[in-house]
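*Asks:* Could you look at this predicted model? Sequence included:
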Amino acid sequence: QVQLVESGGGLVQAGGSLRLSCAASGRIFIINDMGWYRQTPGKQRELVAGITSGGSTNTADSVKGRFTISRDNAKNTVYLQMNSLKPEDTAVYYCNAQIVVDPPFYGGMDYWGKGTLVTVST
């Protein structure tokens, strides 16, 4: 089995910063793409930022210049540094990873964390 566990969410004032972490554990053969998504009540989950195993990144226009995604392949961990936070960034943030389970009989599958709540106050 594979698990993704997020940490680092919480309450912060507008203009502040938070750093989210997501660690993958279990029978992992290889992790391909990793990413962060967010969701607010009544809305679809949206991609915030993604990163390939080689380190190429893509970031949503709404957070570009404020959020930075990174990963530590040795630790099977992906991070999201969030600066200049705005009230509209308030959401549950989910970690996603495409993981090939060991032994690698199958291709990569999508795994999700349970989410961590980020609340930005005015």
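*Replies:* Cool, got the structure. Nothing here was measured: the structure is a model prediction, and the numbers come from that model. Numbering: from 1, shown residues only.
*Asks:* so the residue nearest the centre of the chain is in which element?
*Replies:* The centroid of the chain falls nearest to residue 36 when counting by CA atoms, centre = their mean (2.7 Å). In the assignment (DSSP states H and E), residue 36 maps to strand 28-39.
*Asks:* Sheet partners, orientation included, of that strand?
*Replies:* strand 46-51 (antiparallel), strand 91-101 (antiparallel) (DSSP bridges).
*Asks:* Over it, what's the mean pLDDT, rounded is fine.
*Replies:* Strand 28-39 shows a mean pLDDT of 97 in the predicted model.
*Asks:* got the CA coordinates for it in PDB?
*Replies:* Only the C-alpha atoms of strand 28-39 are listed here, as PDB (Å, rounded to 0.1, in the frame of the first residue of the first chain):
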ATOM      1  CA  ILE A  28       7.100   2.600  -3.900                       C
ATOM      2  CA  PHE A  29       9.100   1.600  -6.900                       C
ATOM      3  CA  ILE A  30       9.200   5.100  -8.500                       C
ATOM      4  CA  ILE A  31       7.300   8.300  -8.200                       C
ATOM      5  CA  ASN A  32       6.600  10.200 -11.500                       C
ATOM      6  CA  ASP A  33       4.700  13.500 -11.400                       C
ATOM      7  CA  MET A  34       3.700  15.100  -8.100                       C
ATOM      8  CA  GLY A  35       1.400  18.000  -7.500                       C
ATOM      9  CA  TRP A  36      -0.800  20.100  -5.300                       C
ATOM     10  CA  TYR A  37      -4.500  20.700  -5.800                       C
ATOM     11  CA  ARG A  38      -7.000  22.700  -3.900                       C
ATOM     12  CA  GLN A  39     -10.700  22.700  -3.400                       C
END
